[in-house]
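Undergrad: The sequence and its predicted three-dimensional model are supplied below.
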Amino acid sequence: MKKIVLIISLLFVNFGFSQITDTAVNKEKFQQSDFPFKGKRVLQVEDISTPKEQNYYVFSKNERGSLQDELYIQQFKKVNNEWKVVAEDKVAEPGIITSVWDARKAFFDVDKDGQADALFVYSKHPKDNMDEQLSVVLLLIYKNKFYRMESSAETNYDPMFDTYDFNPDDLPKAVLNQFEEYWNKLDKK
């Protein structure tokens with residue numbers, strides 16, 4: 001009987017450390033707050049918590065009508081009751097506009113370290129034609145670092161031509177498998 005209680009207790013402890021909570025955030029109110037995100041316009045904001053940490057993932061852009069489209073991606077983590085930027089990137093390519101797919105995202109903790117691993121999708125378009133998609137990017141934020149896979153319309157989204165901006169050996173196998181599984185199921189068109 002003690003063994004059964006111990007096993008059940010361990011299962012609950014393991015479940016508790018891997019549980020991820022996604023709390024809705026009103027992006028208009030967030031944009032008007034004093035939160036120190038980089039851009040001028042909030043496109044997407046996610047409040048993601050585990051029993052060990054609380055994060056905000058913020059996607060924002062520079063002002064409308066700017067000559068160069070700039071997408072800012074930031075991960076904030078609450079440390080000692082204060083929000084700190086722990087990961088940050090800017091996507092800006094001449095003649096390209098990015099579009100965040102806020103309905104396509106996933107949060108998990110495959111390696112059970114208590115840190116949320118986050119997947120987001122965005123696409124690239126010519127500046128003068130948002131209806132034409134040039135490519136799709138899957139972004140993984142893992143241990144405060146960015147990892148991307150990209151597929152191009154030019155290759156008809158053929159997986160043989162997908163590109164990685166990292167060495168797949170840099171990720172634990174379970175995390176890479178989750179990343180690639182999501183990517184392979186994603187409708188990229």
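TA: Sure, I can see it.
Undergrad: Could you use CA atoms for every contact and neighbour count after this?
TA: OK.
Undergrad: just checking, M160 is part of a strand?
TA: No. Using DSSP: H, G, I helix; E, B strand; the rest coil, the secondary structure at M160 is helix, not a strand.
Undergrad: Kindly provide the distance from it to E132.
TA: 22 Å (CA to CA, to the nearest Å).
Undergrad: which one of the two has more residues nearby?
TA: More crowded of M160 and E132, by other CA atoms under 10 Å: E132, with 12 against 8.
Undergrad: looking at this, the more buried one is in a helix?
TA: No. Using three-state DSSP, the secondary structure at E132 is coil, not a helix.
Undergrad: Isn't it up against P126?
TA: Yes. Here E132 reaches P126: they are 6.9 Å apart, a contact under CA atoms under 8 Å.
Undergrad: tell me which element V42 is part of?
TA: Taking DSSP states H and E as the definition, V42 sits inside strand 41-49.
Undergrad: in its sheet, what does the following helix or strand past that strand sit against?
TA: Using DSSP H and E, the next helix or strand after strand 41-49 towards the C-terminus is strand 54-61. Strand 54-61 pairs in its sheet with strand 41-49 (antiparallel), strand 71-79 (antiparallel), by DSSP bridges.
Undergrad: CSV for those strands, including distance to N184, mean pLDDT and mean neighbour count?
TA: Output for the strands paired with strand 54-61, formatted as CSV (distance: least, CA to CA, whole Å; pLDDT from 0 to 100; neighbours: other CA atoms under 10 Å):
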stretch, distance to N184, mean pLDDT, mean neighbour count
strand 41-49, 23, 96, 20
strand 71-79, 23, 96, 20
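Undergrad: and the ones you listed as TSV, adding distance to Q178?
TA: Output for these, formatted as TSV (distance: least, CA to CA, whole Å):
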stretch	distance to Q178
strand 41-49	18
strand 71-79	20
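Undergrad: wait, what's in contact with K38?
TA: S60, K61, Y72 (CA atoms under 8 Å, 6 or more residues apart in numbering).
Undergrad: for the last one, what are its contacts?
TA: Applying CA under 8 Å, 6+ apart, one finds that Y72 lies in contact with K38, G39, V58, F59, S60, K61, E88, D89, K90, V91.
Undergrad: residues near the residue nearest to it when sequence neighbours are not counted, how many?
TA: Distance criterion CA to CA, 6 or more residues apart in numbering; nearest residue to Y72, sequence neighbours excluded, is K90 at 4.6 Å. K90 is flanked by 15 other residues according to other CA under 10 Å.
Undergrad: My reading is that K90 lies in a helix. Confirm?
TA: No. Counting by three-state DSSP, K90 is not part of a helix but strand.
Undergrad: tell me the contacts of it?
TA: So K90 contacts E70, L71, Y72, I73 (CA under 8 Å, 6+ apart).
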